[in-house]
Structures are given as C-alpha cells and as structure tokens.
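**Student:** Need coordinates for the below:
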Amino acid sequence: MDMRTNEIVTLSRDCDAVLIPYGNTVRLPKGQQVTITQSLGGSYTVYVEGHLMRIDGKDADALGKEPAPDPFAELRDRPPGPVDEKLVWRQLATCYDPEIPINIVDLGLIYGLEIQPLGESHEAGYRVAIRMTLTAPGCGMGPMLQTEVEEKVKQVPNVKEVQVELVFDPPWDQSRMSEAAKLQAGLL
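**Tutor:** Predicted coordinates:
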C-alpha cells in the first residue's frame, strides 16, 4: 500500500536503517522514536533526529507494521514456465526512490530489460538483465536501490538470476518520467 503519513512510532526492537541520501547503514535502537513519512513498495521512509532514513519491509514489525504479503503466493504452485515480463515490470513498479514518492518505472529509471533462459528447459529458470540509472549519478542510495531491484525481481516465479547494471549514459532527466509521475511531481 502506498501512503504518505506523519505517524510517530516507537521502535519495538533494534533495526537497521539506511541514511538518505548517503546510503550508510545505521542501527536504530529499541525505544527510538521515528516519524514515518512514507510507506511505499513495502519499505518505510522515516525521519529520525533531523535525518531521513529508509527501513526495509523485513523490519516492518519493529515499526508495529505487518510485512507485505508475498505478491506471487497464488503462482508458486504452477509448473515451471517462461517468465511473465508483465510480472517483472509489476515488481519493478514496487521499487521507489526513497526521497521521491514515485516508483522507478514511472520515474523512467529503467532503460532496458531482457529475459534469458538459463538452459534448454523451463526447469533451469531464467535470468533477468536490467539496465537502470539513478536521478543523480552520485546518489549514495544507488547500491541500496540496485539490491532492492535484484531482490524483488528474484521473487517473480521462474526467475533464478537477476543482473542489474547501473548506467549513466544517457543521463536521466525529467523527460523520461511518465505523465502520471510528472503530474504527481507537480510538473504538469
């Protein structure tokens, strides 16, 4: 569920957070008060003592929240087959820049996507190769966002490997955003 909020919560246990925009991991102690500023794609952006931080969805319980359900639970019992590209794009749309409440697909950060078989049969699985960029080349959140993309796309049925290449040519600019993203960002 996508939401903006200013809910103040007290952490029920220690948990890791990533400092925005630098990408450094910090350990937040049990009892720390945080303000949840947004909950997008299963992760949380929180404000803590003058800093924005991202808390991964696996630590939702520390915030008193339920972890996101498996989006592919109903597909897990199907026999191996080709990867549905629409499901890959759906997963990519659950990845958000932690500073901008717009998903990376609508931001225009995905430059290319290829699905390749790993063997002769469907049982071998598939590799998904993704070319993506960042809104700013020096963003410290790049490796974190790259890892999130890899982890989420690996959840798609029959995906066995994910390769995410960060590229900066051509450089990203606002013209790559979808109309909906431009509207949401107040650019239209």
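**Student:** Which residue ranges of the chain form helices?
**Tutor:** Using DSSP state H, the helices of the chain run over residues 85-92, 104-107, 142-153, 179-184.
**Student:** For the most centrally placed residue in the chain, which residues are in contact?
**Tutor:** For the chain, residue 95 is the residue whose C-alpha lies nearest the centre (CA atoms, centre = their mean; 2.6 Å). If you count contacts by CB atoms under 8 Å, 6 or more residues apart in numbering, residue 95 has them with 41, 103, 104, 145, 148, 149, 152. Placement of C-beta: from N, CA and C, glycine included.
**Student:** returning to what we had before: including distance to residue 71 and mean pLDDT, could the helices of the chain go into JSON lines?
**Tutor:** Output for these, formatted as JSON lines (distance: least, CB to CB, whole Å; pLDDT from 0 to 100):
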{"stretch": "helix 85-92", "distance to residue 71": "7", "mean pLDDT": "95"}
{"stretch": "helix 104-107", "distance to residue 71": "15", "mean pLDDT": "95"}
{"stretch": "helix 142-153", "distance to residue 71": "9", "mean pLDDT": "90"}
{"stretch": "helix 179-184", "distance to residue 71": "21", "mean pLDDT": "88"}
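**Student:** Out of those, which gets nearest to residue 116?
**Tutor:** Residue 116 lies closest, by CB to CB, to one member of the helices of the chain: helix 85-92, at 12.0 Å.
**Student:** Would you mind listing the buried residues in the closest one?
**Tutor:** Neighbour counts over helix 85-92 (16 or more other CB atoms under 10 Å) mark 87, 88, 91, 92 as buried.
**Student:** ok, now stretch 36-49?
**Tutor:** Going by 16+ other CB under 10 Å, stretch 36-49 has these buried residues: 36-48.
**Student:** that older thread, where's the residue nearest to the centre of the chain relative to residue 141, distance?
**Tutor:** For residue 95, the distance to residue 141 equals 11 Å [CB to CB, to the nearest Å].
**Student:** Quickly list what's touching both of these two.
**Tutor:** With CB under 8 Å, 6+ apart as the test, residue 95 and residue 141 reach no residue in common.
**Student:** is it true that residue 94 touches residue 42?
**Tutor:** Yes: under the criterion of CB atoms under 8 Å, residue 94 makes contact with residue 42 at 6.5 Å.
**Student:** so how far is residue 70 from the spatially closest residue to residue 126 that is not a sequence neighbour?
**Tutor:** Excluding the flanking residues, the one nearest residue 126 by CB to CB, 6 or more residues apart in numbering is residue 83, at 4.6 Å. Computed as CB to CB, the residue 83 to residue 70 distance reads 17 Å.
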